[in-house]
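**Q** sequence unknown, structure follows:
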């Protein structure tokens, strides 16, 4: 008989570190694609995003450094084969083929159940949290560039070239240009200006600004949603966000088990000098034209329940 050691069996999966984080961030999108019978296109898209993120390198035992941090779907519109030699195009096609297979297998194996790897509970909790509140993402460099420098560095070119396009369309008796055309023109000019007209030093400084902004946003996100609060400020942030965080989770639980659900919290509220209060979050309403959640259906019972729970919490926190 094999002796149990309490350690996970087998070797770790090929996706670790930033690779695992990248795949985990797209689990919700995979589930939506599967429901829409569109898993195949999703695998192809993820393969290309992976290739761009990791500079056309296949997964390895060592967590690679991302060449492009958190690429968004807009990069899929780029022609990744432009100006490449035939051998390189063929190499990339083979990489995409293998990536599509590996990524597809990963999502089919891991989605819908808890990962049986080190840190499984933490990953499951993270996935549940991300289903409720999406974590911050790093801004794409050209988008950050537009947000900060549009008026100074981009607007004059956008307006000049747009006026030329409008005039040309009129001269050629083409249909008037639309707001969608203007938006596409703005994106094209902004990306062109950033890619070709700005210096390497400027781009490096801008990337550092993006990283600082992202780290600040992640720090607040962790204070608000992830990290166990330990200071009055952190408790205040957590309580202010509790409904936004918990409502999608309670909805998810109700759907998962096919029942109505209520989640109750009670404890000292820092903003009210530590007074004990109860908070309830509900999923499910009565089956009628204007469905009512439990507090509306039976307000007295709900109020009595909260009062009883506050009394319990007062005993639980009697040493506070």
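**A** Happy to help now that I have it. Remember, predicted model here, so these are calculated numbers, not experimental data. Numbers count the residues shown, from 1 in each chain.
**Q** mind listing what's buried in stretch 190-199?
**A** For stretch 190-199, a neighbour-count test (16 or more other CB atoms under 10 Å) marks 190-191, 193-194, 198 as buried. From N, CA and C alone the C-beta is placed, and that goes for glycine too.
**Q** Sketch out the strands for the stretch 1-150 of the chain, chain order is fine.
**A** Counting by DSSP state E, counting those that start in this stretch, the stretch 1-150 of the chain yields no residue ranges for strands.
**Q** so where's it shaky on pLDDT?
**A** Screening the stretch 1-150 of the chain residue by residue with the criterion pLDDT under 70, one finds the ranges 1-13, 61-83, 112-133.
**Q** Which stretches in it count as helices?
**A** Across the stretch 1-150 of the chain, reading from the start of the chain, the helices by DSSP state H, counting those that start in this stretch fall at 18-24, 27-35, 39-53, 86-110, 120-132, 141-149.
**Q** circling back to that earlier point, include pLDDT when you put the buried residues of stretch 190-199 into TSV, please.
**A** Written out in TSV, the entries for those read as follows (pLDDT from 0 to 100):
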residue	pLDDT
190	93
191	92
193	93
194	91
198	92
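**Q** Out of those residues, flag the one nearest to residue 275.
**A** For residue 275, the closest of these turns out to be residue 190, at 51.1 Å, with distances computed as CB to CB.
**Q** who's residue 263 bridged to?
**A** Under DSSP bridges, the beta-bridge partners of residue 263 are residue 281.
**Q** Please enumerate the helices of the stretch 151-300 of the chain.
**A** Using DSSP H, counting those that start in this stretch, helices in the stretch 151-300 of the chain cover 155-171, 179-192, 200-221, 232-240, 242-257, 294-297, 299-316.
**Q** out of these, nearest to residue 274?
**A** Put simply, out of these the one that sits nearest residue 274 is helix 232-240, at 9.5 Å, with distance taken as CB to CB.
**Q** Quick check: buried residues in that closest one?
**A** The neighbour-count check on helix 232-240 (16+ other CB under 10 Å) flags 234-239 as buried.
**Q** mean pLDDT lowest for which of the helices of the stretch 151-300 of the chain?
**A** For those, the stretch scoring lowest in mean pLDDT is helix 232-240; its value is a mean of 71.
**Q** Next, the angle from it to helix 200-221.
**A** For helix 232-240 against helix 200-221, the angle between stretch directions is 80 degrees (axes from the mean of the first three to the mean of the last three CA atoms, to 10 degrees).
**Q** Spit out the contact partners of residue 170.
**A** When contacts are counted by CB atoms under 8 Å, 6 or more residues apart in numbering, residue 170 touches residue 176.
**Q** now residue 195
**A** Residue 195 makes contact with residue 142, according to CB under 8 Å, 6+ apart.
**Q** What's the separation between it and residue 159?
**A** When distance is defined by CB to CB, to the nearest Å, residue 195 is 20 Å away from residue 159.
**Q** and what of residue 203?
**A** Counting by CB to CB, the separation of residue 203 from residue 159 is 24 Å.
**Q** the more surrounded of those two?
**A** residue 203 (14 against 11; other CB atoms under 10 Å).
**Q** correct me, but the more buried one touches residue 149?
**A** No: the pair residue 203 and residue 149 fails to qualify as a contact (CB atoms under 8 Å) at a distance of 11.7 Å.
**Q** what touches both of the two?
**A** Overlap of the contact sets of residue 203 and residue 149 (by CB under 8 Å, 6+ apart) is empty.
**Q** Could you export the buried residues of helix 232-240 as JSON lines, including distance to residue 301?
**A** Output for these, formatted as JSON lines (distance: CB to CB, whole Å):
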{"residue": "234", "distance to residue 301": "34"}
{"residue": "235", "distance to residue 301": "29"}
{"residue": "236", "distance to residue 301": "30"}
{"residue": "237", "distance to residue 301": "32"}
{"residue": "238", "distance to residue 301": "28"}
{"residue": "239", "distance to residue 301": "25"}
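**Q** Of these, just say which sits nearest to residue 178.
**A** Proximity of those to residue 178 (CB to CB) peaks at residue 237, which lies at 43.0 Å.
**Q** How many residues are close by the nearest residue to residue 44 once chain neighbours are set aside?
**A** The shortest distance from residue 44 to any non-neighbouring residue, by CB to CB, 6 or more residues apart in numbering, is to residue 100 (5.8 Å). Neighbours of residue 100 under the rule other CB under 10 Å: 19.
**Q** Same check on the one 10 residues further on?
**A** Burial measure for residue 110: 21 neighbouring residues, criterion other CB under 10 Å.
**Q** And it, how close does it get to residue 17?
**A** Per CB to CB, residue 110 is found 16 Å from residue 17.
**Q** No further queries at this time; thank you.
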